[in-house]
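Undergrad: Any chance you could fold what I've pasted below:
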Amino acid sequence: MNIVFKETKDFSEQELKDLFLSVEWSSGNYPEKLVVAMKNSSSVFTAWDGDKLIGLLNVLDDGIMTAYIHYLLINPAYQRQGIGKGLIQRMKEKYNDYLRIVLVAYDKEIRFYKSCGFETGEDKTPMFITSLWT
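TA: Have a look, this model is predicted:
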């Protein structure tokens with residue numbers, strides 16, 4: 001297996017659908033929206049096994065100070081092989097001059113993100129509103 005990392009925003013609906021549904025994210029049911037979302041992202045870092053999209057990290061940023069990691073997902077068949085860390089490393093290199101890189105992580109993901117250099121904020125609570133498209 002030869003994993004190749006790329007920075008790209010060009011995907012087919014099927015590539016995104018397959019990856020997002022592999023991790024059971026409901027947004028995979030809206031591949032046409034995912035294609036647009038990736039094109040509108042500030043940066044998208046990807047991992048490929050041949051022509052198969054196996055990992056993706058997208059970033060939304062303000063152009064100078066703060067970057068937000070929106071998605072980080074790795075196909076389960078490829079997890080625990082350093083691919084997520086590879087994507088984060090590439091993102092950190094690009095956003096090295098930014099004051100802050102922010103993400104919202106589920107409790108079960110905290111250990112992984114700490115191993116990548118992130119710290120939990122003191123007295124901070126992530127908040128979000130989720131709306132499912134009809």
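
Undergrad: in this protein, what spans have low per-residue confidence?
TA: 127-128, 130-134 (pLDDT under 70).

Undergrad: need the longest helix for it.
TA: helix 83-94 (DSSP state H).

Undergrad: Mind checking what helix or strand follows it in sequence?
TA: Downstream of helix 83-94, the next assigned helix or strand under DSSP states H and E is strand 100-102.

Undergrad: Buried ones in that following strand, by neighbour count?
TA: Ile101 (16 or more other C-beta atoms under 10 Å). Bear in mind the C-beta positions are built from the backbone N, C-alpha and C, glycine included.

Undergrad: Any chance you could list what contacts that strand?
TA: Outside strand 100-102, the residues that touch it by C-beta atoms under 8 Å, 6 or more residues apart in numbering are Met65, Thr66, Ala67, Tyr68, Ile69, Met91, Lys92, Tyr95, Phe118.

Undergrad: Which among those residues count as buried?
TA: Among the contacts of strand 100-102, the ones that count as buried by 16+ other C-beta under 10 Å are Ala67, Ile69, Met91, Tyr95, Phe118.

Undergrad: Quick check: Asn58 vs Lys114, distance?
TA: For Asn58, the distance to Lys114 (C-beta to C-beta, to the nearest Å) stands at 21 Å.

Undergrad: same thing with Ile74?
TA: 17 Å.

Undergrad: Those two: who's more crowded?
TA: Set Ile74 next to Lys114 and count neighbours by other C-beta atoms under 10 Å: Ile74 wins out with 22 against 12.
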